[in-house]
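[1] Structure, please.
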Amino acid sequence: MQKTSRKQFFTTSFSWMASLYLLEGGFGLLNQIYADKKISAPFPDDLHPVLESDPTAKALGFHQDAKDTDFNLYPERKEPTAKNQFCKHCVQYTQVNEGWGKCNIITTGLVSSKGWCSAWTKRS
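    Numbering: from 1, shown residues only. Sure, this is the predicted structure:
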């Protein structure tokens, strides 16, 4: 096994620490990558978002961001006719503010206007 000098150790350690800092958002790299996933509208008082792990939400394949839908389980979501299937266009959705609303089926909290579940039905 090759011996490592103290200088090499500190140089390598510094390089790793700098790399991790940059990857963790030191210059906002990850913030720019994940900016699309953030939903900017604030929550109304005393309300919280529906957890995707909620039993009802999980059974319906609900996601706060429709882009996260599992296309293997819900292939109909991948079809071109489904490109506008978002909670804000569903008959079960009632808008609370710009980014959030209540669902008549998933009643444990607020759903994102950009969300989707398998119970989606077009609003007329």
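
[2] just the strands in this protein please.
    93-95, 100-103, 110-112 (DSSP state E).

[3] hey, which of those strands is tucked in deepest?
    strand 110-112 (a mean of 25; mean count of other Cβ atoms under 10 Å). C-beta here means a position set from N, CA and C on the backbone, and glycine is covered the same way.

[4] Now that strand: average pLDDT?
    Mean pLDDT, strand 110-112: 93.

[5] Residues in contact with it: which ones?
    Strand 110-112 is contacted from outside by 39, 43-44, 47-50, 62, 64-65, 87, 93, 96, 99-103, using Cβ atoms under 8 Å, 6 or more residues apart in numbering.

[6] from the chain's centre, how far out does it sit?
    A distance of 12 Å separates the C-alpha centroid of strand 110-112 from that of its chain, computed with Cα atoms, centre = their mean, to the nearest Å.

[7] The closest residue to Lys58 other than its chain neighbours: how many residues sit nearby?
    Leaving aside its chain neighbours, Lys58 sits nearest to Glu52 (6.9 Å; criterion: Cβ to Cβ, 6 or more residues apart in numbering). Glu52: 15 surrounding residues under other Cβ atoms under 10 Å.

[8] Just want to check the distance between Glu52 and Gly109.
    To Gly109, Glu52 is 11 Å away according to Cβ to Cβ, to the nearest Å.

[9] one step back: what pLDDT does the residue nearest to Lys58 get?
    On pLDDT, Glu52 comes in at 90.

[10] can you pull the contacts of the nearest residue to Thr121 once chain neighbours are set aside?
    Leaving aside its chain neighbours, Thr121 sits nearest to Val91 (4.8 Å; criterion: Cβ to Cβ, 6+ apart). Contacts for Val91 (Cβ under 8 Å, 6+ apart) come out as Thr121, Lys122, Arg123, Ser124.

[11] Look at Ile33 and report its pLDDT.
    46.
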